[in-house]
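Trainee: any chance you could fold what I've pasted below:
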Amino acid sequence: MRRKIIITGIVVLILLSVYYIIDNRRERMRMEYKDEQISTVSENEEDTSINSIQGSLTLSKIPSKPNNVILTGIPEHRLVTIYRTNKLTSTDDVNASSGRSYTEYDEDGNEYEVASHYVPGIQILYGYNLLNLAHYNIKTEKLMYFFNKPALIKTVYYPSYTQDSINKIPVIRNYFLVSAYDEDTNKDQFINRKDLRKFYYYNIDATNRMALLPPNYSATRSQYDDQNDVLYIFAKHDANKNGEIDKNESLKIFWIDLKNPMQAKLLY
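Mentor: Modelled structure (predicted):
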């Protein structure tokens, strides 16, 4: 009898420990998720209704400041990253250029290493609480924002500062690609990861923006095809048009030609 009581006590302790670990993990995930979102209702407004699908907040209503000047491969074009100040850390603005290594050969067959990026000619910036990007042209001294309202920018593809080549031919990219949550598509008063993630093309002056995915699609990830120099964009289809992606909704694959990335074509 005593043995059964001891065993029962041990089992109860184990179950309580497992529950505590799971509950703590859920709470951490909930807090992390809550951290990276933008309310579409001003803190100074008593009305909690949605002002518009894109929200009503401006940068002046969210504590934010510029963090870094991003050097692109085209000297006169520079980017300024703008982060929410109360969430900014030294690791937020990460200039990520990891990926496969690219190797070229000289006329004598000697191997030499060229600049290595996940996509030749493009460096990638991953954002966390990155509210906006500002483009500055040093020659014209003009500043242009990528978004007219705060967004949650996830990925920025920009011309690499160091020179890349494909088959000994220099690669020069003269555009930007940006994935971001910039609309309250599910109308819950927040812009966050529950909303649809858009994928945009910008010209080099950031004066012209084009949505590459059809309406009601949300980008999930990308993959580079070095043999064809194309980028595959995996996106889920919001078939029921509720403004967010449900688990059973289908995944589609689009591709864009990085030599002229102004159109996304359906692959699957």
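Trainee: looks like residue 256 contacts residue 229 (just checking).
Mentor: No - in this structure residue 256 lies outside contact range of residue 229 using Cβ atoms under 8 Å: 10.2 Å. The C-beta positions use only the backbone N, C-alpha and C, and glycine is treated the same way.
Trainee: how about low-confidence regions in the chain?
Mentor: 1-36, 40-60, 86-116 (pLDDT under 70).
Trainee: between residue 256 and residue 229, who's got more neighbours?
Mentor: Between residue 256 and residue 229, counted using other Cβ atoms under 10 Å, residue 256 has the larger neighbour count: 21 against 15.
Trainee: which residues sit in contact with that one?
Mentor: 212, 230-231, 233, 263-265 (Cβ atoms under 8 Å, 6 or more residues apart in numbering).
Trainee: over to residue 151?
Mentor: 38, 131-132, 180-182, 191.
Trainee: any chance you could map the strands in the stretch 101-250 of the chain?
Mentor: 103-105, 111-113, 122-126, 130-137, 142-145, 152-159, 164-166, 169-171, 175-181, 190-191, 198-203, 209-211, 217-225, 230-237 (DSSP state E, counting those that start in this stretch).
Trainee: columns mean neighbour count on top of those, output as CSV?
Mentor: Output for the strands of the stretch 101-250 of the chain, formatted as CSV (neighbours: other Cβ atoms under 10 Å):
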stretch, mean neighbour count
strand 103-105, 12
strand 111-113, 8
strand 122-126, 21
strand 130-137, 22
strand 142-145, 13
strand 152-159, 23
strand 164-166, 18
strand 169-171, 15
strand 175-181, 24
strand 190-191, 23
strand 198-203, 20
strand 209-211, 13
strand 217-225, 17
strand 230-237, 20
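Trainee: between these, which gets nearest to residue 81?
Mentor: strand 130-137 (6.1 Å; Cβ to Cβ).
Trainee: who are the packing partners of the closest one?
Mentor: strand 64-71, strand 77-84, strand 142-145, strand 152-159 (3 or more Cβ pairs under 8 Å, 6 or more residues apart in numbering; DSSP states H and E).
Trainee: give the partner strands of it in its sheet and their orientations.
Mentor: strand 77-84 (antiparallel), strand 142-145 (antiparallel) (DSSP bridges).
Trainee: turn the ones you listed into a markdown table, including distance to residue 152.
Mentor: Below are the strands paired with strand 130-137 laid out as a markdown table (distance: least, Cβ to Cβ, whole Å):
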| stretch | distance to residue 152 |
| --- | --- |
| strand 77-84 | 10 |
| strand 142-145 | 15 |
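Trainee: would you tell me which of those gets closest to residue 174?
Mentor: strand 77-84 (8.8 Å).
Trainee: list the contacts of that closest one.
Mentor: Contacts of strand 77-84 (Cβ under 8 Å, 6+ apart): 59, 62-72, 92-93, 125, 127, 129-138, 156, 158-159, 204-205.
Trainee: C-alpha coordinates for that strand, PDB please?
Mentor: What follows is strand 77-84, C-alpha atoms only, in PDB (Å, rounded to 0.1, in the frame of the first residue of the first chain):
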ATOM      1  CA  HIS A  77      21.400  54.600 -52.700                       C
ATOM      2  CA  ARG A  78      21.300  54.000 -49.000                       C
ATOM      3  CA  LEU A  79      18.700  52.500 -46.700                       C
ATOM      4  CA  VAL A  80      17.900  53.600 -43.100                       C
ATOM      5  CA  THR A  81      16.300  51.000 -40.800                       C
ATOM      6  CA  ILE A  82      13.600  52.300 -38.400                       C
ATOM      7  CA  TYR A  83      12.900  50.200 -35.300                       C
ATOM      8  CA  ARG A  84      10.500  50.400 -32.400                       C
END
